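Asks: Coordinates for the following, if possible.
(one chain, ligands or ions: 1)
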Amino acid sequence: MGIDGITVSPGYAYERAPDQAHFLSRRRTKELFREIFKRQNGSRWSFNQSSLFLDFLAGNQTYHCTPWGNPTRNYFGWQRPCYLLGEGYTRTFKELMEETDWDSYGTGNYEKCAQCMVHSGYEATAVVDSVHNPLKAAMISLRGVRTTGAMAPEIPLDRQRPAEYVFSRHVEEAMARLKSRLR
Ligand code: SF4
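Replies: So this is what the prediction gives:
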């Protein structure tokens with residue numbers, strides 16, 4: 001049907017990653033994607049992602065995270081703020097959207113988000129940018145992602161709030177709620 005395609009997302013040392021030592025920083029991620037995209041050698045690979053997200057991975061866009069762009073629902077409820085970070089659960093999607101302090105998450109806002117470039121937060125930002133700037137997105141689709149030259153400015157980390165290690169407590173609370181319902 002012609003719908004085959006590749007989906008990519010850079011890993012990083014998120015809180016629950018068992019190996020914290022071998023993930024890449026944002027800078028190394030961008031350099032790696034530039035090297036990958038250079039290897040297309042004229043035969044353009046088919047990605048199932050927006051051209052601007054790929055451009056972001058190559059360091060050509062300064063994007064802020066949109067954590068609600070790919071919301072996570074699991075056994076405990078709606079997970080805030082995203083599937084990589086578990087900092088609480090809500091019973092309904094409405095509660096998730098209305099009661100989460102979204103501005104306290106994302107690169108530059110929160111220490112745990114400092115090295116993140118994953119699709120769950122940044123693809124949504126790229127798609128919104130594509131809607132507002134269709135010509136820019138179309139030009140990258142036609143010409144390919146730029147793999148040389150200066151990168152877009154990085155988000156400063158000097159005002160991010162420190163990490164809070166709350167995952168285990170929230171899971172324990174969610175487990176207790178589930179158990180009480182089963183009794
Ligand atoms: S930057 Fe966004 S997607 Fe990444 S961990 Fe933080 S909230 Fe989640």
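Asks: just checking, E87 is part of a strand?
Replies: Yes - secondary structure of E87 (DSSP: H, G, I helix; E, B strand; the rest coil): part of a strand.
Asks: Can you tell me which residue of the chain sits closest to the ligand?
Replies: Closest contact between the chain and the ligand, by CB to the nearest ligand atom, is at G121 (2.7 Å). Just so you know, the C-beta spots here come from the backbone N, C-alpha and C atoms, and that holds for glycine as well.
Asks: Now that residue. Nearest residue, chain neighbours left out?
Replies: Among residues not flanking G121 along the chain, C65 sits closest, at 3.7 Å (CB to CB, 6 or more residues apart in numbering).
Asks: for L85, same thing?
Replies: K112 (5.9 Å).
Asks: pLDDT at the one you found, what is it?
Replies: Predicted confidence (pLDDT) at K112: the value is 93.
Asks: Determine the number of other residues adjacent to it.
Replies: 23 (other CB atoms under 10 Å).
Asks: measure N109 to E173 for me?
Replies: 24 Å (CB to CB, to the nearest Å).
Asks: To clarify, my last question referred to P134.
Replies: Distance, P134 to E173, by CB to CB: 45 Å.
Asks: Neighbour count for N109 and E173, which is higher?
Replies: More crowded of N109 and E173, by other CB under 10 Å: N109, with 21 against 14.
Asks: so what's that one up against?
Replies: Counting by CB atoms under 8 Å, 6 or more residues apart in numbering, N109 touches 103, 159-161.
Asks: at 6 Å what do you get?
Replies: Q160 (CB atoms under 6 Å, 6 or more residues apart in numbering).
Asks: and if you look at L57?
Replies: Per CB under 6 Å, 6+ apart, neighbours of L57: F33.
Asks: What helix or strand is the residue of the chain closest to the ligand located in?
Replies: G121 belongs to helix 119-132 when assigned by DSSP states H and E.
Asks: On the C-terminal side of that helix, identify the next helix or strand.
Replies: Following helix 119-132 toward the C-terminus (DSSP H and E): helix 134-143.
Asks: List the buried residues in that next one.
Replies: 137, 140-141 (16 or more other CB atoms under 10 Å).
Asks: JSON lines please, covering those and showing pLDDT and distance to R34.
Replies: Formatted as JSON lines, the buried residues of helix 134-143 follow (pLDDT from 0 to 100; distance: CB to CB, whole Å):
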{"residue": "A137", "pLDDT": "97", "distance to R34": "19"}
{"residue": "I140", "pLDDT": "95", "distance to R34": "14"}
{"residue": "S141", "pLDDT": "92", "distance to R34": "18"}
